[in-house]
Structures are given as structure tokens and as C-alpha cells.
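K.L.:
just coords:
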């Protein structure tokens, strides 16, 4: 039986989320379903059909492997279809300078190049595959929510200049107003000129289509419950169906089970992120608030908010979505989002919202992604823990993992930041309790420090 960190409501697979992305994207074609009993074979079995799993599948299939993807729901059911559509720099919960204290400047510069390569990979895919994913935004802007955060933005600009070749521009309050980036509690901004916004489900659909064209078999409503080694073969169990594979890829990220495989247990902290979408705003409404820009944005809070104006003038506002998977917790998360939205955008306090949903972002104990072989297994591999930046990094992470499995690259090509296995959280059974306490502390810090 799969062990989960949250209540069953977080893992319902019988329906896609009631999100704006699902409503606005074309439905995915029907996939294969597992027989009620019987045998299947594949060179490589991939558990998880989001950006990472599909990216790995595509790369492996293009290199001649017989690949089968098994998703407990269907592609886009998890975080790949629930995120805010920010294709941008990121992937770690630590800044470049903090990482450099452990890994050194060269390793962190390599990690930064991977982040930029990840953005470029998604851009290339959208272009070469002819995907109209509602792309917009020339990078993103980080907004200082208190006067003392302005210095932090300038420090971040210095770090980006040291570790990357990405251009940045500091914007004072007047410049923010001039560029249509006016929100309450904003005292400056840093425009990071890398990345763009997309409709994530439209990108998922394009990636899914390319996998099918490459010969990848994609099974939906296919929950892998366990697997075991049988000599050089792995036997995977899904109900009464048995799947034989030479290699396994775990690409389940924040929706991972604690015991698939056991090594994952205690190493990840999935956290809920909620998103609200307004009705389309009129031009005068945008002007009244002073937010007319299409730049992606987020604020400098630890419990940050992220937001952007979509191409049809809807406004997306996201942030912490709750602490447990209960109706009460989700309702409290929604109220918190609404309160923060109204405080930051008071001119829109009475604007109606058309959609609200939650998804799980994935943090690791090390605050880093991991790409590589699962310790203790000879041919079980994984790539996960994108820290809320999976649109870009999960796409590249799946590709890098496939290249590593094929022998096209090695750990040095991926780099120490992402190939060093993550440790376990202290007292992992108490992770949710510790996270709740941490949220209270961070909330007070964001407000008063």
C-alpha cells in the first residue's frame, strides 16, 4: 500500500483539477489503460507523466528504448497542470551564494547554466513543436514588500551578475509605477531578464503528443503500487497487472509516495500552493490599479505571492494554499489568498474570481533538486524536487536524467549540486507539524522583520 504524507483528497486521480488551464487547453487524447490483469513488458518503466517523466520518456524513446509511462491520473493531473505557468530561473530553496558555500562557485555556475538551459529548452520546444501556449513576459520582476528588502534585491542582482550572464535592472517605486507594476506594499523591484509565462496545460499537451509520436506508451489511471528486483529485471505491480522492465524512473515529485521506493521516505516536503484567477479585467480597471504590465512577478516574502496578468487580461494570483488536504484547510488557504490579493491590489477588491485550485510543490531536505540513480538500486533512477520551478527545471531534469541513463552524459555533466543525494528531514514523521510551526514563524518574519 502506498504511504502518503497528506490525506487522500490531495491525491484524487479520477478528475483533472478545476483550473483555468484545463478549461482553456484542448483535452488530451485518450491514453492506454492497464488490463485488469496480465503481463506487460518495457525496456524502461516511468512512474509519473508530468514534465519530468514525459521529457525523460521522449529522450529515451528517441534513442531507441521501448518506454512505458504510468500515471496514477493522467498527464497534467499533478503539479505539471496545476502550477502558475512561470518558466523561469529557480530550482533551489537556497540562493546561489548559499549553495556556493557548500559546492563552490564553479559548481553553482554550472547549476545556474542548467537553469538557463531549462528555460531555453522549453522555448525551443514551443517553437519547434508549434505549440501556442499563450507565451508572454520578458523575464520576471521580484518586488520588495518592505523598505529593508530593497537591499536584498540589490544583493540578488550582484549574485546573478557573478554566477550568470543574465541581465537585471533595478526599478525604484517611480519606475514601477511608470511600467505598470504598481501594487501596494511595494518599495522597489528587480527585473530579471530571463524566462516567460505560459499556459502549462498547453505545454503538457504538446509534450504528450511528441511522446506518443516517438512511440512512448502512456497509461493513465495506472497506479504502480510496488516493485521488486528479480535478477536483472524489475517487476512492477499495478493491481493484478504485472509489468517487467529493465529500468525504472521515478518522476512523481511532490506527489511521490513515501515507500515508492523506500529511499524517498522522509526526504521530501510537499507543500500546497493555491492559485486564484480573476475574470478578464477591463483596460480601465487595470489602469485604476496601475498594473498593466504582462511581466511575471513575485514578492520578497518567505511565504511569497506570485502573480501575472494573462494575455486575456485575467489576473493570476498564487501563494500558500493550505497546510492539509481537508476542505477546511483549503477554504482557509483560499481566504488567506483573497485577503492578500485585496491588500496588494485594492482597486480590484470586488473583482470576481472564476477559478481556484491547489497543487503540491516539492521541497527537499537539502533545498536542492536531485537527478540520478536511487541509492540502493542498480537501475532505479529519479529526478525531482524542483522547489516550485518545475516548468523549466523538470523539463530539463527529465532530459538530463535520460541522457545519464543512456550513457550520453555522466554525473559531472549534471554537476554536484543536483547529483548529491538529499538527506532525510530530522524526525521526518513530524514534517507537517514542523512545517506548520515554520509557517507561523515565517508569516511573522514577513510581516515584522
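P.N.:
Nice, I can see it. Small disclaimer: the values here were computed from a predicted structure and weren't measured.

K.L.:
for this protein, what's the longest helix?
P.N.:
Among the elements of the chain assigned as helix by DSSP state H, the one spanning the most residues is helix 105-128.

K.L.:
starting at the chain centroid, how far to the helix or strand that that helix is followed by?
P.N.:
On the C-terminal side of helix 105-128, the closest following helix or strand by DSSP states H and E is strand 140-143. Centroid displacement of strand 140-143 relative to its chain, using Cα atoms, centre = their mean, to the nearest Å, is 18 Å.

K.L.:
any idea of the mean pLDDT for strand 140-143?
P.N.:
If you average the pLDDT over strand 140-143, you get 98.

K.L.:
what lines up beside that strand in the sheet?
P.N.:
If you go by DSSP bridges, strand 140-143 pairs up with strand 189-192 (antiparallel), strand 296-299 (parallel).

K.L.:
quick check: angle from the helix or strand following it to helix 105-128?
P.N.:
Toward the C-terminal end, the helix or strand that comes next after strand 140-143 (DSSP H and E) is helix 150-163. If you take axes from the mean of the first three to the mean of the last three Cα atoms, to 10 degrees, helix 150-163 sits at 90 degrees to helix 105-128.

K.L.:
Tell me which other helices or strands the very next helix or strand once past helix 150-163 touches.
P.N.:
From helix 150-163 onward toward the C-terminus, using DSSP H and E, the following helix or strand is strand 168-171. Using 3 or more Cβ pairs under 8 Å, 6 or more residues apart in numbering; DSSP states H and E, the elements in contact with strand 168-171 are helix 150-163, strand 189-192. Just so you know, the C-beta spots here come from the backbone N, C-alpha and C atoms, and that holds for glycine as well.

K.L.:
Residue 391: what's it in contact with?
P.N.:
With contact taken as Cβ atoms under 8 Å, 6 or more residues apart in numbering, residue 391 is in contact with 51, 83, 85-88, 122, 198, 200, 203.

K.L.:
Selection in PyMOL covering whichever of these are buried, please.
P.N.:
Written as a PyMOL command, the selection of buried residues from these, which uses 16 or more other Cβ atoms under 10 Å, is:
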select buried, resi 51+83+85+86+87+88+122+198+200+203
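
K.L.:
Quick one: mark the members of the contacts of residue 391 that sit in helices.
P.N.:
Among those, the members falling in helices (DSSP H) are 51, 122, 200, 203.

K.L.:
mind putting the residues you listed in JSON lines, distance to residue 389 included?
P.N.:
Formatted as JSON lines, the entries for the ones in helices among the contacts of residue 391 read as follows, by distance: Cβ to Cβ, whole Å:
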{"residue": "51", "distance to residue 389": "11"}
{"residue": "122", "distance to residue 389": "11"}
{"residue": "200", "distance to residue 389": "12"}
{"residue": "203", "distance to residue 389": "14"}
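
K.L.:
which of those residues sit farthest apart?
P.N.:
Taking Cβ to Cβ as the measure, those reach their widest spread between 122 and 200, a distance of 10.2 Å.

K.L.:
Residue 220 contacts residue 73, correct?
P.N.:
Yes: here residue 220 lies in contact with residue 73, judged by Cβ atoms under 8 Å, at a distance of 6.8 Å.

K.L.:
Which of the strands paired with strand 140-143 sits closest to residue 1?
P.N.:
Of all those, it is strand 296-299 that lies closest to residue 1, at 38.0 Å by Cβ to Cβ.

K.L.:
Pull the residues that contact that closest one.
P.N.:
For strand 296-299, contacts defined as Cβ under 8 Å, 6+ apart pick out 86, 88, 137, 139-145, 181, 183, 185-186, 189, 195-197, 304-308, 344.

K.L.:
how far out from the middle of the chain is that strand?
P.N.:
Centroid displacement of strand 296-299 relative to its chain, using Cα atoms, centre = their mean, is 16 Å.

K.L.:
So for that strand, mean pLDDT?
P.N.:
Strand 296-299 shows a mean pLDDT of 97 in the predicted model.

K.L.:
How about stretch 399-418?
P.N.:
98.

K.L.:
list the contacts for the closest residue to residue 168 other than its chain neighbours?
P.N.:
Distances taken as Cβ to Cβ, 6 or more residues apart in numbering place residue 157 nearest to residue 168, at 4.6 Å, with adjacent residues excluded. Contacts here follow Cβ under 8 Å, 6+ apart; on that basis residue 157 touches 168, 170, 190.

K.L.:
still on that earlier bit, in TSV, list the helices and strands packed on strand 168-171 along with distance to residue 355.
P.N.:
Compiled in TSV, the helices and strands packed on strand 168-171 are given as follows (distance: least, Cβ to Cβ, whole Å):
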stretch	distance to residue 355
helix 150-163	31
strand 189-192	27
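
K.L.:
winner for burial among these?
P.N.:
Looking across these with neighbours counted as mean count of other Cβ atoms under 10 Å, the highest average goes to strand 189-192: a mean of 24.

K.L.:
circling back: next, format the contacts of residue 391 as TSV and append distance to residue 261 and pLDDT.
P.N.:
TSV is the format used below for these (distance: Cβ to Cβ, whole Å; pLDDT from 0 to 100):
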residue	distance to residue 261	pLDDT
51	21	98
83	25	97
85	31	98
86	30	98
87	30	98
88	31	98
122	29	98
198	32	98
200	28	98
203	29	98
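
K.L.:
I'd like the contacts of residue 391 as CSV, with distance to residue 163 appended.
P.N.:
CSV is the format used below for the contacts of residue 391 (distance: Cβ to Cβ, whole Å):
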residue, distance to residue 163
51, 24
83, 25
85, 25
86, 20
87, 20
88, 16
122, 21
198, 25
200, 27
203, 27
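
K.L.:
Just the strands from the stretch 151-300 of the chain, written as ranges.
P.N.:
Using DSSP state E, counting those that start in this stretch, the strands of the stretch 151-300 of the chain run over residues 168-171, 189-192, 196-197, 217-220, 226-230, 233-238, 240-250, 268-278, 296-299.

K.L.:
Mind listing residues that contact the third one?
P.N.:
By Cβ under 8 Å, 6+ apart, the surrounding residues in contact with strand 196-197 are 85-88, 119, 123, 134-139, 294, 296, 308, 310.
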